[in-house]
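Novice: What would the 3D arrangement of this be:
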Amino acid sequence: MGLGWFGAPEHNRWLAEEMQALLRHGRAARVPAGFGWIGPDGAVDASRPVELWITGRMTFAFSLGTLLGVPGCRRYADHGVRALSRALRDRTHGGWYSAVGHELDAEGHGVPTREAARKECYQHAFVMLAAAAATAANRPGAHELLAEACRVVEAHWWDESYGMPIESYAVDWSDPEDYRGLNAAMHTVEAFLATADVTGDPVWLERAVQIIDSAVNVHARDHDWRLPEHYDTAWRPRLDYNEDAPDHPFRPYGATPGHGLEWARLTVQARAALVGRRLSAPDWMLDAAESLFDRARVDAWRVDGGPGFVYTTDFDGRPIVHERMHWVVCEGISAAAAIRQALLDDGRGEIEVELYEHCYRTWLDYAEEFLIASPGVWWHELDSSNAPSARTWDGHPDIYHALQAVLMPRLPVWPSMAQAIAEGRLDRPSSAPPVEEHGRGSRRRGLFGRG
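Specialist: Have a look, this model is predicted:
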């Protein structure tokens, strides 16, 4: 089918070699309190604190490396679990600090920095994701960390009245922010899907689908598949939010095509999870994923005279920020692979998957030509001429997006990445067999007393 990249031995060898190089590069991020920001020189940037989202992402990455059997990854995964369980955890109020210093205090705890003034849903989502992956890898303390992350979500982050997460609080859980954002909601979906697979608790899948339903059927459809990123507390779009900060790394003005690609991938993953559990998957999910993918591709790929995705557009599809972010290409690669596999799992033919195979090859070639500075080292940002840039991202902060981009083509759409690897699904990307035949009883049931 196509040009035969998917599943071809030499292609999988290239993906595997890049995956191992990324994990080698990521080791440089280790500091006593967790994982730091890797600067342009390949060393930790001492001017930046240890941030919760980076430590969560790197713990997730090294947990995947552990599951894959990459030597050395266990000690880095275990370091991450310890950092999340102790150095970054708020022992007074619960939950996790957004940032601490690199060194531990005399009692072995992290020291909160000024960046820790608020607790953020976005950052907590990566604690849950990391804990789920580390639990799948059976790392010491991971089960307890995941149980605590679930408790914190139940207590503070889940807003049952809207079926959506809350954005942020002061460090003592007072002063909830007068803002809601789809970026935090999106990563919450990812964490919920992973947690549902590892624990076997269907509530996390149900909530993930609720969030996707709102993002897709309320907001994306109303804006011609361009997703508004910013909302008030009643989830009414704020289309002019951050108009004076269009290149914001987490809350940019306008639409973010990369997030459209990411939502497309998550939508087919949630759909596959429903099907895999013999639950009814809504008819709209696969079509919606394809619509999100198409809108992002048409709006953002090669729209300003050269290869690459622009970072943001307005709500008519006109580019605003022309810099190319590595994570957008990574999410394009992952989404193309996931939708292609979802179509094949549905029995679709070569013609229907051809677009996704073409996009996958094109975007992976782009990454190889422009983004990969050396094995495992990806430029996080390029300018409109595809030269390295630091307008928004300086250095190589983490390996999370790139690692998923080189693993997604080798894995099924469901279960989620860590659980799929734990169940021996690497290079077996066809749809998972029914739950009763899938080892769920021994692998997933009852970690927290819930089937």
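
Novice: residue ranges for the strands of the stretch 251-400 of the chain, please.
Specialist: 312-313, 319-321, 324-325, 372-374, 377-378, 381-382 (DSSP state E, counting those that start in this stretch).

Novice: Same list, those, but as JSON lines with mean pLDDT, distance to F250 and mean neighbour count please.
Specialist: For glycine as for every other residue, the C-beta is placed from the backbone atoms N, C-alpha and C. Shown next, in JSON lines, are the strands of the stretch 251-400 of the chain (pLDDT from 0 to 100; distance: least, CB to CB, whole Å; neighbours: other CB atoms under 10 Å):
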{"stretch": "strand 312-313", "mean pLDDT": "97", "distance to F250": "12", "mean neighbour count": "24"}
{"stretch": "strand 319-321", "mean pLDDT": "97", "distance to F250": "13", "mean neighbour count": "18"}
{"stretch": "strand 324-325", "mean pLDDT": "97", "distance to F250": "12", "mean neighbour count": "28"}
{"stretch": "strand 372-374", "mean pLDDT": "97", "distance to F250": "24", "mean neighbour count": "13"}
{"stretch": "strand 377-378", "mean pLDDT": "97", "distance to F250": "19", "mean neighbour count": "21"}
{"stretch": "strand 381-382", "mean pLDDT": "97", "distance to F250": "14", "mean neighbour count": "21"}
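
Novice: can you redo those as JSON lines with distance to R348?
Specialist: Formatted as JSON lines, the strands of the stretch 251-400 of the chain follow (distance: least, CB to CB, whole Å):
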{"stretch": "strand 312-313", "distance to R348": "29"}
{"stretch": "strand 319-321", "distance to R348": "32"}
{"stretch": "strand 324-325", "distance to R348": "31"}
{"stretch": "strand 372-374", "distance to R348": "31"}
{"stretch": "strand 377-378", "distance to R348": "32"}
{"stretch": "strand 381-382", "distance to R348": "34"}
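
Novice: I'd like to know which of these lies nearest to A61.
Specialist: Closest to A61 of the strands of the stretch 251-400 of the chain, according to CB to CB: strand 377-378, at 13.0 Å.

Novice: Walk me through which strands that closest one pairs with, and which way each runs.
Specialist: strand 372-374 (antiparallel) (DSSP bridges).

Novice: what's in contact with the strand it pairs with?
Specialist: Residues outside strand 372-374 that contact it (CB atoms under 8 Å, 6 or more residues apart in numbering): 18, 378-379, 388.

Novice: so how far is it from its chain's centroid?
Specialist: 22 Å (CA atoms, centre = their mean, to the nearest Å).

Novice: So which of the contacts of strand 372-374 sit within helices?
Specialist: Judged by DSSP state H, the subset of the contacts of strand 372-374 located in helices is E18.

Novice: quick one: the closest residue to A87 other than its chain neighbours and G94, what's the gap?
Specialist: Excluding its sequence neighbours, the residue lying closest to A87 (CB to CB, 6 or more residues apart in numbering) is G110, at 3.6 Å. Shown here: G110 relative to G94, a distance of 15 Å by CB to CB, to the nearest Å.

Novice: out of these two, which sits in the busier spot?
Specialist: G110 (28 against 15; other CB atoms under 10 Å).

Novice: list the helices and strands the helix or strand where E190 lies packs on?
Specialist: Per DSSP states H and E: E190 is located in helix 182-199. On a contact count with 3 or more CB pairs under 8 Å, 6 or more residues apart in numbering; DSSP states H and E, helix 182-199 meets helix 121-136, helix 142-152, strand 164-165, helix 202-213, helix 257-276, helix 417-422.
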